[in-house]
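# this is the structure alone, sequence omitted:
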Ligand SMILES: [Ca+2]
């Protein structure tokens with residue numbers, strides 16, 4: 001009788017282990033590797049860009065470029081003529097702030113700062129300050145998907161913010177075949193995906209905002225000719241998309257040019 005009870009308990013234990021393993025494997029599925037498209041580029045147009053603009057944010061709205069620049073004492077918000085590169089309007093930031101990413105929603109421009117945990121909202125037309133807000137992380141890039149602000153902080157995380165309350169509503173971790181992709185910098189929302197250039201590389205990650213999965217990479221190697229670089233800081237940093245005409249613009253910190261590009265596959 002004792003043997004039968006033990007066997008019965010052993011059977012129950014085995015059954016429980018099997019069920020636990022099945023539940024465990026179901027609740028923590030490891031996503032299979034997904035095909036990732038590698039894009040190169042074609043240059044459609046080349047425009048002049050202010051060599052003194054330490055580009056940290058770029059956006060396009062209603063025919064004009066808007067640019068946020070960085071460095072303490074040299075940070076600004078600018079409205080720029082695409083064809084000539086002329087600065088049409090500029091607001092300087094206090095030298096206490098290192099300007100970072102910008103984006104536009106409705107008639108409001110949002111500008112982040114790097115390590116001050118402070119962001120600014122301006123009237124798009126007058127550049128008058130409307131309000132400021134704080135966030136706990138560093139501020140790197142920001143974009144808008146039509147409903148949410150999406151913000152990078154130099155890590156592999158993208159934070160979602162309610163544009164009215166400016167409170168964080170969630171975040172995703174960006175990964176390339178299950179490996180986190182860190183140093184996400186300037187952002188742009190393009191046709192349902194988030195484009196993010198990766199600091200100190202010539203690459204832009206194409207990110208699925210539902211789950212943070214990288215679905216493609218844009219390799220911009222060689223876009224700026226070697227002789228047009230001035231030093232080690234002038235890396236790719238600046239993506240803007242004109243949804244009305246389906247034009248994609250990229251530039252970099254202190255780059256003498258801004259490029260309209262089209263994606264290509266080899
Ligand atoms: Ca942008």
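Sure, I can see it. Values in this document were obtained by computation on a predicted structure and should not be read as measured data.

# could you point out which element follows the lengthiest strand in the chain?
Looking across the chain with DSSP state E, the single longest strand is strand 37-48. Of the helices and strands lying after strand 37-48 in sequence (DSSP states H and E), the nearest is strand 55-61.

# ok and the next helix or strand along the chain from that following strand relative to strand 37-48, angle-wise?
Next helix or strand after strand 55-61 toward the C-terminus (DSSP H and E): strand 64-69. Interaxial angle, strand 64-69 versus strand 37-48 (axes from the mean of the first three to the mean of the last three Cα atoms, to 10 degrees): 100 degrees.

# contact partners of the longest strand of the chain?
Outside strand 37-48, the residues that touch it by Cβ atoms under 8 Å, 6 or more residues apart in numbering are 82-85, 206, 215-220, 223, 247, 256-266. C-betas here are computed from N, CA, C, even on glycine.

# repeat that for 7 Å
Defining contact as Cβ atoms under 7 Å, 6 or more residues apart in numbering, one finds that strand 37-48 is touched by 82-85, 215-220, 223, 257-266.

# and for the residue in the stretch 51-200 of the chain that the ion sits nearest to, the neighbour number?
Going by Cβ to the ion, the ion is nearest to residue 188 of the stretch 51-200 of the chain, at 3.9 Å. When counting by other Cβ atoms under 10 Å, one arrives at 28 neighbours for residue 188.

# now residue 170
The burial count for residue 170: 9, using other Cβ under 10 Å.

# how about the residue lying closest to it once chain neighbours are set aside, what does it touch?
Leaving out its chain neighbours, the residue that sits closest to residue 170 by Cβ to Cβ, 6 or more residues apart in numbering is residue 160, at 4.8 Å. Taking Cβ under 7 Å, 6+ apart, we find residue 160 in contact with 148, 150, 168-171.

# mind redoing it with 8 Å?
Going by Cβ under 8 Å, 6+ apart, residue 160 touches 148-151, 168-172.

# looking at these, state which has the most neighbours.
Counting by other Cβ under 10 Å, top hit in the contacts of residue 160: residue 151 with 28 neighbours.

# what residues does the stretch 51-200 of the chain have near the ion?
58, 188 (Cβ under 5 Å from the ion).

# give me that answer again for 8 Å
Contact residues, the stretch 51-200 of the chain versus the ion (Cβ under 8 Å from the ion): 57-59, 101-103, 141-143, 186-188, 195.

# could you chop the chain up by domain?
Here the domain parsing of the chain from automatic domain parsing is 1-30, 34-264.

# report pLDDT for residue 234.
pLDDT recorded at residue 234 is 86.

# measure stretch 181-201 end to end?
12 Å (Cα to Cα, to the nearest Å).

# follow-up on the earlier one: tell me which helix or strand the residue nearest to residue 170 sits in.
Per DSSP H and E: strand 157-161 holds residue 160.

# the stretch 51-200 of the chain: helices as residue ranges?
Counting by DSSP state H, counting those that start in this stretch, one finds no helices in the stretch 51-200 of the chain.

# flag the helix or strand of the protein with the lowest per-element mean pLDDT.
Counting by mean pLDDT, DSSP states H and E, the weakest-scoring helix or strand in the chain turns out to be helix 2-27, with a mean of 47.
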